[in-house]
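**Student:** Dropping the sequence and predicted coords here.
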Amino acid sequence: MHLEPEEVLPDYRRILRFYAQNAKVPGFRRGKVPLSLAERLFHEKAVARLLEEKLIPLLREEILKRAKPVRNPLLKDWSFDREKGVDLEAEFEEMPEYEVEGYEELEVEVEKIDTSPEKMVENTLEDLRRKNTVLEKKDEPAQVGDQVYIHLQRMDKNTKKRFPLEKYMVEVSDQEGLPSNLIGKKAGETFSYTETYPEDYPVKRLAGKEIVHEVKVLDVRRPVLPPLDDEFAKKYGYKNLQEMKKELLKRAKEQIKEMREGRIEEEIKKKLREKNPIPLPEVLVDEEFRKLATSTLMDITARGGRVSEEEWVAMSPQIKKEAERRVRDRFILLKIGEKQGFQVEKKDIREKIKEMASARGITQKRMRELLKKEGITDEDLKESLLIERALNYVKEHAIIKEKEKKTRKGKTKDSKGTKKGTKKGKKK
């Protein structure tokens, strides 16, 4: 793009005047620096500011008149001359032309939720009881389910080399090896057993070796679950057990509803991808891949793990496929939103931020600060709302067929297909 001198010089001089009026230059009072001197001193800064404030916005505006770039154009080369004007060169990847079809009255089949709210409440209460387990010391022999504190000394049977003494707690079980060998043992007892480890055992010093295990039982403890009563409920902020169960039941019903909605939405996206194998800009797929890869590696590191080169080679193709799925979902749903004429106003974005702040229990001002820190703009929120509305539109008009969970023989029992939210498949 070329701009004549008269198109840029007024703004260039305006910026120079700003520096002349505000710069501290030895021998001159503030605001009294000659424009010619300001140009010699601040030419590069003035041109850089001109580029940022005027030239790049003009370039983007001109490109948007002729094309649909995937991302903001990248300035490749440019020049500024008072006599010749400005020349700008940019490069960008253009959005591919594509259409979306098959989203009206889409037929999807989802697996039924194979649990009930009551069962979820029961499982939640048992999980909470297990978290509050008390280990009581016992003098009787260890039984399955007990926790045993031991000293363990390993020795290579062939070389007689002893490994460092280990101390830890073991849960007694029927599992082969140490857990089952502890059955019937009491505090103070010692015993030994021999075990040959496989060649591919993850602990290299033990792999492929015949190891003697010398064990000393230090302590045997019985896990005791707390009673499920009003006192237990009060620990979690409820007046009594009845109130706790009532609240957990309410949450369980909401969770089941969310689980069902989630399954429907995922199946809808899958069907739409099958019907619309649209081309994807590689730059967006790469961008999404980097986000997913970073998130995956950070999650593994946070849990104390690490990823070897071999593991990464195996993982990365799956991450790439997920990145492609996400980009394709975004393109398809945005096109559906465009075809349906959905619009997002500023008030909708404000309401979304208010909703997000409420969910996190923070002020809207703080929510905006967090979004800015995460690099999420109003334009990103607008796109997110358009995608949400498009997905809701497809879901509201979809014909949902639920099927029973597969049995051991692989058979399923289908239920009657209906439009979402109706009994007879007719839109209300």
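**Tutor:** Looks like it came in fine.

**Student:** contacts, neighbours, all on C-alpha from now
**Tutor:** Fine.

**Student:** hmm, who's touching the longest strand belonging to the chain?
**Tutor:** Of all the segments of type strand in the chain, defined by DSSP state E, the longest one is strand 210-224. For strand 210-224, contacts defined as Cα atoms under 8 Å, 6 or more residues apart in numbering pick out 133-139, 141-142, 145-158, 185-197.

**Student:** just checking, what packs against whatever helix or strand comes next after that strand?
**Tutor:** The first helix or strand that comes after strand 210-224 along the chain, using DSSP states H and E, is helix 230-235. Contact here means 3 or more Cα pairs under 8 Å, 6 or more residues apart in numbering; DSSP states H and E; on that basis helix 230-235 packs against helix 241-275.

**Student:** Pull stretch 61-69 out as PDB, backbone CA atoms only.
**Tutor:** What follows is stretch 61-69, C-alpha atoms only, in PDB (Å, rounded to 0.1, in the frame of the first residue of the first chain):
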ATOM      1  CA  GLU A  61      -8.600  -1.200   7.000                       C
ATOM      2  CA  GLU A  62      -7.500  -1.400   3.400                       C
ATOM      3  CA  ILE A  63      -6.900  -5.200   3.600                       C
ATOM      4  CA  LEU A  64     -10.300  -5.800   5.100                       C
ATOM      5  CA  LYS A  65     -11.900  -4.000   2.100                       C
ATOM      6  CA  ARG A  66     -10.400  -6.700  -0.200                       C
ATOM      7  CA  ALA A  67      -9.900  -9.800   1.900                       C
ATOM      8  CA  LYS A  68     -10.800 -11.700   5.100                       C
ATOM      9  CA  PRO A  69      -7.600 -12.300   6.900                       C
END
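
**Student:** and it, how far out from the chain's middle?
**Tutor:** Between the mean C-alpha location of stretch 61-69 and the chain-wide mean there is a distance of 33 Å, by Cα atoms, centre = their mean, to the nearest Å.

**Student:** can you pull the buried residues of that stretch?
**Tutor:** 63, 69 (16 or more other Cα atoms under 10 Å).

**Student:** center of this structure - which residue?
**Tutor:** residue 295 (6.8 Å; Cα atoms, centre = their mean).

**Student:** For the helix or strand encompassing that residue, buried residues please.
**Tutor:** With secondary structure defined by DSSP H and E, residue 295 is part of helix 282-302. Using 16+ other Cα under 10 Å as the burial criterion, the residues of helix 282-302 that qualify are 284-285, 288-289, 292-293.

**Student:** go on, stretch 88-107?
**Tutor:** Neighbour counts using 16+ other Cα under 10 Å place 88, 90, 92-93, 100, 103, 105-107 of stretch 88-107 among the buried residues.

**Student:** quick one: which of those residues sit in strands?
**Tutor:** Where the buried residues of stretch 88-107 overlap with strands, as defined by DSSP E, the overlap consists of 88, 90, 107.

**Student:** Just list the residues touching the last one, thanks.
**Tutor:** Same thing as residue 107. Taking Cα under 8 Å, 6+ apart, we find residue 107 in contact with 398-401.

**Student:** next one: the second one
**Tutor:** Contacts here follow Cα under 8 Å, 6+ apart; on that basis residue 90 touches 73-77.

**Student:** Hmm, which of these is lowest in pLDDT?
**Tutor:** Within the set of these, pLDDT is lowest for residue 73 (69).

**Student:** Could you export the ones in strands among the buried residues of stretch 88-107 as a markdown table, including pLDDT and distance to residue 257?
**Tutor:** Converted to a markdown table, these look like this (pLDDT from 0 to 100; distance: Cα to Cα, whole Å):
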| residue | pLDDT | distance to residue 257 |
| --- | --- | --- |
| 88 | 84 | 54 |
| 90 | 78 | 49 |
| 107 | 94 | 20 |
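
**Student:** For residue 376, state which of the residues you listed is nearest.
**Tutor:** residue 90 (24.9 Å; Cα to Cα).

**Student:** Name the residues of stretch 330-347 that come out as buried.
**Tutor:** Neighbour-count burial for stretch 330-347, with 16+ other Cα under 10 Å as criterion, is recorded at 330-337.

**Student:** tell me the SS of residue 121?
**Tutor:** Assigned state for residue 121: helix (three-state reduction, DSSP: H, G, I helix; E, B strand; the rest coil).

**Student:** can you map out the helices along the chain?
**Tutor:** The residue ranges that make up the helices of the chain, judged by DSSP state H, are 5-22, 35-50, 56-66, 117-131, 178-181, 230-235, 241-275, 282-302, 309-339, 346-360, 364-373, 378-397.

**Student:** who touches the fourth one?
**Tutor:** Here helix 117-131 makes contact (Cα under 8 Å, 6+ apart) with 225-228, 245, 248-249, 252-253, 256.

**Student:** now swap in the second one and tell me
**Tutor:** Contacting residues not belonging to helix 35-50 are listed as 11-12, 15-17, 19-20, 80 [Cα under 8 Å, 6+ apart].
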